[in-house]
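Trainee: below are the sequence and a predicted model; questions follow.
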Amino acid sequence: MTDLTGLTAVVTGGASGIGAATALELKGRGARVAIVDRSIPDSVEGIFAATADITNDDDVRAAIAEIAAAYGGIDILINNAGIGAAGDIAENDDAEWHRVYDVNVVGIARMTRAALPHLRASDNAAIVNTASVAGTSGLRNRALYSATKGAVVALTYAMAADHLADGIRVNAIAPGTADTPWVQRLLAASDAPEETAANLRARQPMGRLVTAEEIAFAIANLASPRAASTTGTVLTVDGGLTTLRV
Ligand SMILES: NC(=O)c1ccc[n+]([C@@H]2O[C@H](COP(=O)([O-])OP(=O)(O)OC[C@H]3O[C@@H](n4cnc5c(N)ncnc54)[C@H](O)[C@@H]3O)[C@@H](O)[C@H]2O)c1
């Protein structure tokens, strides 16, 4: 028996990076795991995969119904899927603002409202939202992205208050720059990938990027029934970026 034995967890964005590492961590700790992603390249043995775009309410409701029917309920929801955006306040048009908000913020609302009846029925219900250090610290050239992640932080507190009486704990994780396909894509698009990578490492007080597995461990700990008194918190996993001056 491990801490998540008998519980069912759903991870959005579970096909890549932090979400994929989280799905494996939750499974390793005994949970039945389902991932929800808009593209699922390789299926992982023992992990249920539902293809859904979290900007599409019909997709989301169908995925939740499919998972709940297969596993007999849902106890844990990890709202992790997200997309990036570069630029200062002037650099993105209205359509881009709406597109990124639709995934990073409204996507959490769609997933959570579809999963709520199942979470309310669970004795060990927990939600973990993936925010970012960009939601609480000013990073240059990330206005739109940071705004969405600040919204995720605010939404986490509001959800935690609303669903306290339902017995659903709600917390968020705020990662620093993590070594995932997301960052690899960012480097691939850079004119000077080596320099960009060195700058990203240098921004982290530890001098290296955070690993997806380190974030997954923290997410699973917040989701675990052993964290029964932890709700309405945002846990940074950022190598010291937010709080250290070294
Ligand atoms: N990598 C970092 O440095 C970093 C730092 C802080 C926060 N984050 C956050 O962590 C989360 C995961 O990032 P990652 O680095 O693992 O990224 P990633 O690009 O490796 O994985 C993101 C996954 O989300 C899925 N996804 C995107 N839009 C979707 C949609 N509309 N519907 C369904 N699935 C969708 C993608 O298909 C992909 O599998 C994101 O919310 C991101 O903002 C990442």
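Mentor: Thanks, I have the structure now.
Trainee: the biggest strand by length in the chain pairs with which strands, parallel or anti?
Mentor: For the chain, the strand that runs over the most residues, judged by DSSP state E, is strand 168-175. Here the strand partners of strand 168-175, with direction, are listed using DSSP bridges: strand 125-130 (parallel), strand 234-237 (parallel).
Trainee: figure out which of those is closest to the ligand.
Mentor: For the strands paired with strand 168-175, the distance to the ligand is smallest for strand 125-130, at 4.2 Å, taking CB to the nearest ligand atom. Heads up, the C-betas are built off the backbone N, CA and C, glycines and all.
Trainee: next SSE after that closest one?
Mentor: Read in the C-terminal direction, the helix or strand following strand 125-130 is helix 143-162, with elements assigned using DSSP states H and E.
Trainee: buried stuff in that following helix?
Mentor: Of the residues in helix 143-162, those buried under the neighbour-count criterion (16 or more other CB atoms under 10 Å) are 143-153, 155-157, 159-160.
Trainee: in contact with the residue most central in space within the chain, which residues?
Mentor: Residue closest to the average C-alpha location in the chain (CA atoms, centre = their mean): residue 80, at 2.0 Å. With contacts defined as CB atoms under 8 Å, 6 or more residues apart in numbering, the neighbours of residue 80 are 11-14, 18-19, 22, 128-130, 219.
Trainee: returning to that earlier point: mind putting the strands paired with strand 168-175 in TSV, mean neighbour count included?
Mentor: Supplementary listing: these in TSV, determined by neighbours: other CB atoms under 10 Å:
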stretch	mean neighbour count
strand 125-130	27
strand 234-237	19
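Trainee: export the ones you listed to a markdown table and tack on distance to residue 47?
Mentor: Converted to a markdown table, the strands paired with strand 168-175 look like this (distance: least, CB to CB, whole Å):
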| stretch | distance to residue 47 |
| --- | --- |
| strand 125-130 | 17 |
| strand 234-237 | 23 |
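Trainee: save the ones you listed as a markdown table, and put in distance to residue 185 and mean pLDDT too.
Mentor: Rendered in a markdown table, the data for these read as follows (distance: least, CB to CB, whole Å; pLDDT from 0 to 100):
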| stretch | distance to residue 185 | mean pLDDT |
| --- | --- | --- |
| strand 125-130 | 17 | 99 |
| strand 234-237 | 21 | 98 |
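Trainee: out of those strands, which comes closest to residue 32?
Mentor: Of all the strands paired with strand 168-175, the one in closest proximity to residue 32, counting by CB to CB, is strand 125-130 (14.6 Å).
Trainee: how far off helix 143-162 does the closest one point, in degrees?
Mentor: If you take axes from the mean of the first three to the mean of the last three CA atoms, to 10 degrees, strand 125-130 sits at 160 degrees to helix 143-162.
Trainee: is the ligand contacted by strand 125-130?
Mentor: Yes - legend: contact between strand 125-130 and the ligand by CB under 6 Å from any ligand atom is shown at residue 130.
Trainee: list the contacts of that strand.
Mentor: Applying CB under 8 Å, 6+ apart, the contact partners of strand 125-130 are 13, 18, 75-80, 82, 108, 112, 119, 152, 155-156, 159, 163, 166-173, 175, 219, 222-225, 227.
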